[in-house]
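# Here's a sequence, model it:
(4 chains)
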Number of protein chains: 2
Amino acid sequence: MVSSEETEAQVKTAARTSRLRGRPRSFDRATALEKAILAFWEHGYEATSVSDLTRVMGIGAPSLYAAFGDKRSLFEEVVQEYGARYGSFGDRALAEEPTVRAAMERMLREAAVEYTAPGRPHGCLVIHAATNCSSPEVEESLRVRRNANIAAFESRIRAGIAAGELSADTDATALARHVGAVIQGMSQQARDGASREELEAVAEIAMAIWPRT
Amino acid sequence: MVSSEETEAQVKTAARTSRLRGRPRSFDRATALEKAILAFWEHGYEATSVSDLTRVMGIGAPSLYAAFGDKRSLFEEVVQEYGARYGSFGDRALAEEPTVRAAMERMLREAAVEYTAPGRPHGCLVIHAATNCSSPEVEESLRVRRNANIAAFESRIRAGIAAGELSADTDATALARHVGAVIQGMSQQARDGASREELEAVAEIAMAIWPRT
DNA sequence: GTTTTTCTGTAGCGACCGATAGAGAAATGC
DNA sequence: GCATTTCTCTATCGGTCGCTACAGAAAAAC
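Numbers count the residues shown, from 1 in each chain, chains lettered A, B, ... in the order given. Model (predicted):
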């Protein structure tokens, strides 16, 4: 119904069939979809209004609805295309690396690169597309609090280094970020249905990075 | 302007001052605030409308605006009260435990408990208050994709176990969840301004849990 | 050129958003 | 009692939301 293969296939066999009559659309569907990806990626599903979409895609609302259906089906197509275009590094790492360890290492390292790539929104669309804030002040306020938590972790870790619990060359900043990442991930998974026992198992694994006294 | 200390202080000194005249409000401010915490916690800032708030708080819109100011200042008060009431386990662990390791372990374990406590929304309000989705279908679709990713990790880990790379009693489910949590946390921090180098340092630390062949 | 089909722009639909005006009710100080 | 202050209820504001009816323009098939 939406697939571009359909149109392409019918372009090829159109000499005989009676399709492809009438005025063709005046914009490039793939380009418009790419613009929609960036918009949803940056602002999330709710906070990206249809008028935002028509502006960045450079088309009118009726053209958008004719080409992509309603807002939700456009978003579904966006997520799918995003997965194929930007979100496939994980699958590739899992499939191509010979060992689990190599696969995990490559996946994590590529995530660091992909999630901070310049010229496009940071982070993962699938993780954040439900994150919408039309109020920048609220968004900023929450971000400040999260980063303050990580700073508190770091300060505690530095105290531990000063007390001789951890070696003097410990990277306190990175350790704090790591703990923060684990906690934020646990929170996300709690939202996604993980049980207490499952999260406790995650916590126990995360503890393996800390020297046993 | 908003603080309850102000009102309380003036209750105590009200015998002389001319405050506290007129009809007192007919609802309990703290109870109403608690209801607002639960609503924002569950649905996020944007997706919790003022009419949602007036419904769960059991008051009319003018009463809400008179008692809490506009929606944003109510939310700020909600975040502050949430931090004091539900979000303090981390600070307590950091302050009360004698070693960094003990502090981190307690914090992570208590997070597992707090984030899945029955009878209230899962996860952390500060992490998710910018996550709003008035469309359950979209929310579900994204959740399914995130959980599918973790399932893919698990499947790859099981293959590694079968290949003898990891010991046979490895908890593949928990390992997969852990990797997923780290990645989700990295994505969140990329959104919050972390650089590529900072995320790579997190990835490197997370690799410490994997046996070196 | 004519017909047919489809696209595009304008203009507007009903619904909900956050927020408020105004009137009357209720509880105070005196 | 009275005067004063403040709360609460109804009704509604202007604005934006996702979405679409309609008419005219444009490009194909013939």
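
# which bits of chain A sit near DNA strand D?
Contact residues, chain A versus DNA strand D (CB under 7 Å from any atom of the strand): A:14, A:18, A:20-24, A:46, A:48-52, A:61-62, A:65, A:70-72. No exception for glycine: its C-beta is placed from N, CA and C like everyone else's.

# so which of these also contact chain B?
A:46, A:72 (CB under 8 Å from any CB of the partner chain).

# So for the residue positioned nearest the centre of chain A, what pLDDT did the model give?
By CA atoms, centre = their mean, chain A has its centre lying nearest to A:C124, at 1.2 Å. We have a pLDDT of 75 for A:C124.

# I'd like to know how far it sits from DNA strand C.
27 Å (CB to the nearest atom of the strand, to the nearest Å).

# Count the residues that sit near A:A174.
Number of residues near A:A174 (other CB atoms under 10 Å in any protein chain shown) recorded here: 20.

# Can you pull the residues of chain A lying near DNA strand C?
Near DNA strand C, when you scan chain A using CB under 7 Å from any atom of the strand, you find A:21-27, A:59-63, A:66-67.

# If we use 6 Å, what do you get?
A:21-27, A:59-63, A:66 (CB under 6 Å from any atom of the strand).

# Where does the prediction get shaky in chain A?
A:1-20, A:100, A:103-104, A:107, A:130-143, A:145, A:183, A:187, A:189-191, A:212-213 (pLDDT under 70).

# pretty sure A:R156 contacts B:A93?
No - taking contacts as CB atoms under 8 Å, A:R156 lies outside contact range of B:A93: 9.2 Å.

# circling back: any of the residues of chain A next to DNA strand D buried? List them.
Neighbour-count burial within the residues of chain A next to DNA strand D applies to A:46, A:48, A:71; the criterion is 16 or more other CB atoms under 10 Å in any protein chain shown.

# and of these, the nearest to DNA strand D?
Set against DNA strand D, the nearest of those by CB to the nearest atom of the strand is A:K71 (3.2 Å).

# show me what contacts the residue lying closest to that closest one once chain neighbours are set aside?
If the residues on either side of it in the chain are set aside, A:K71 comes closest to A:V50, at 5.8 Å by CB to CB, 6 or more residues apart in numbering or on different chains. Contacts for A:V50 were tallied using CB atoms under 8 Å, 6 or more residues apart in numbering or on different chains; they are A:61, A:64, A:71.

# repeat for A:A208
A:A208 neighbours (CB under 8 Å, 6+ apart): B:208-209.

# Can you classify it as helix, strand or coil?
Assigned by DSSP: H, G, I helix; E, B strand; the rest coil, the conformation of A:A208 is helix.

# now it: how far from DNA strand C?
For A:A208, the distance to DNA strand C - CB to the nearest atom of the strand - is 44 Å.

# can you check A:A151 too?
Distance from A:A151 to DNA strand C, by CB to the nearest atom of the strand: 31 Å.

# mind listing which of the residues of chain A next to DNA strand C are in helices?
Counting by DSSP state H, these place A:61-63, A:66 in helices.

# Closest one of those to chain B?
Distance to chain B, by CB to the nearest CB, is smallest for A:A61 among those, at 18.9 Å.

# I'd say that closest one and A:S49 touch.
No - with contact defined as CB under 8 Å, A:A61 does not count as touching A:S49 (10.6 Å).

# thinking again about what came up before, now, which of the contacts of A:V50 sits nearest DNA strand C?
Closest to DNA strand C out of the contacts of A:V50 is A:A61 (5.3 Å), distances taken as CB to the nearest atom of the strand.

# Phi and psi next, for the residue nearest to A:K71.
Per-residue torsions, A:V50: phi -60, psi -40 (degrees, to the nearest 10).

# Count the residues that sit near A:T54.
17.

# With A:E197 instead?
A:E197, neighbours per other CB under 10 Å, totals 10.

# tell me which element it falls in.
According to DSSP states H and E, A:E197 maps onto helix A:196-206.

# So what touches that helix?
Helix A:196-206 is contacted from outside by A:178-179, A:182, A:185-186, A:189-190, B:105, B:108-109, B:111-113, B:115-116, B:171, B:173-175, B:177-178, B:181, B:209, using CB under 8 Å, 6+ apart.

# mind redoing it with 7 Å?
Contact with helix A:196-206 is made by A:182, A:186, A:189-190, B:108-109, B:112-113, B:115-116, B:171, B:174-175, B:177-178, B:181, B:209, as judged by CB atoms under 7 Å, 6 or more residues apart in numbering or on different chains.

# before we move on, what about stretch A:84-95?
So stretch A:84-95 is contacted by A:103, A:106-107, A:110, A:114, A:124, A:126, B:149, B:152, B:156 (CB under 7 Å, 6+ apart).

# May I see the buried residues of that stretch?
Result for stretch A:84-95 [16+ other CB under 10 Å]: buried residues A:86-87, A:90, A:93-94.
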